[in-house]
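# what follows is a predicted structure for the sequence shown.
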Amino acid sequence: MTRRKHRSAAQWKRIIKNWNKTMEMPDFTKGDTIPEGADHDWNLGAIGTRGWMYSDKMSMADARQIYITKVEKNSPADGILQGLTP
C-alpha cells in the first residue's frame, strides 16, 4: 500500500481559499474529468485502489460516481480495474 503524502503549505492555502466555493459535480459517464484543484482522492479499501469522489466540504452525501485514480500493482483490483485507470 502506498503511504499518503502530507499536504504542503501551498496546498492547504489553496484548500482554504477555495473552501466556500461551490464545485460542479462532474458526470464521468459524459466524459467529465476531475475538477481542477480537486486533488484529494480516497483509499477504496482492501482492493488496492484509490478514487476521487465529489464532495461538498468533505461530505460525500451527493456523490454517485467514483473516478479510479490508482490501482496498486498485484492488488486484488490489478487487471480488473486497470483498463479504467486514466
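That came through fine. Residues are numbered from 1 along each chain as shown.

# so which residue is dead centre in this structure?
The geometric centre of the chain, computed from its C-alpha atoms, lies nearest to residue 52 (CA atoms, centre = their mean), at 1.8 Å.

# please name the nearest non-neighbouring residue to the residue lying farthest from the centre of the chain.
Relative to the centre of the chain, the most outlying C-alpha is that of residue 74, 20.8 Å out, by CA atoms, centre = their mean. In space, not counting the residues next to it along the chain, residue 74 is nearest to residue 48; the distance is 7.9 Å by CB to CB, 6 or more residues apart in numbering. Any C-beta I mention is one placed from the backbone N, CA and C, and that applies to glycine too.

# next one: residue 30 from residue 79, what distance?
27 Å (CB to CB, to the nearest Å).

# now swap in residue 12 and tell me
Between residue 12 and residue 79 the distance is 36 Å, computed by CB to CB.

# now swap in residue 73 and tell me
If you measure residue 73 against residue 79 using CB to CB, the figure is 10 Å.

# how about residue 51?
Noted for residue 51: a distance of 17 Å to residue 79, by CB to CB.

# ok, these two, which is more surrounded?
Legend: neighbour count by other CB atoms under 10 Å for residue 51 and residue 79, higher for residue 51 (18 against 11).

# can you give the distance of the host helix or strand of that one from its chain's centre?
In the assignment (DSSP states H and E), residue 51 maps to strand 49-53. Going by CA atoms, centre = their mean, to the nearest Å, the spacing between the C-alpha centre of strand 49-53 and its chain's C-alpha centre is 4 Å.

# so what touches it?
Residues from elsewhere that reach strand 49-53 (CB atoms under 8 Å, 6 or more residues apart in numbering): 34, 38, 40-44, 60, 63, 65-72, 75, 77, 81.

# check stretch 24-38 too.
For stretch 24-38, using CB under 8 Å, 6+ apart, the contacting residues are 14, 18, 23, 52, 54, 62-63, 65, 67, 69.

# one more time with 6 Å
Contacts with stretch 24-38, where a contact means CB atoms under 6 Å, 6 or more residues apart in numbering, come from 23, 52, 54, 65, 67.

# out of those residues, which one sits closest to residue 6?
residue 52 (18.7 Å; CB to CB).
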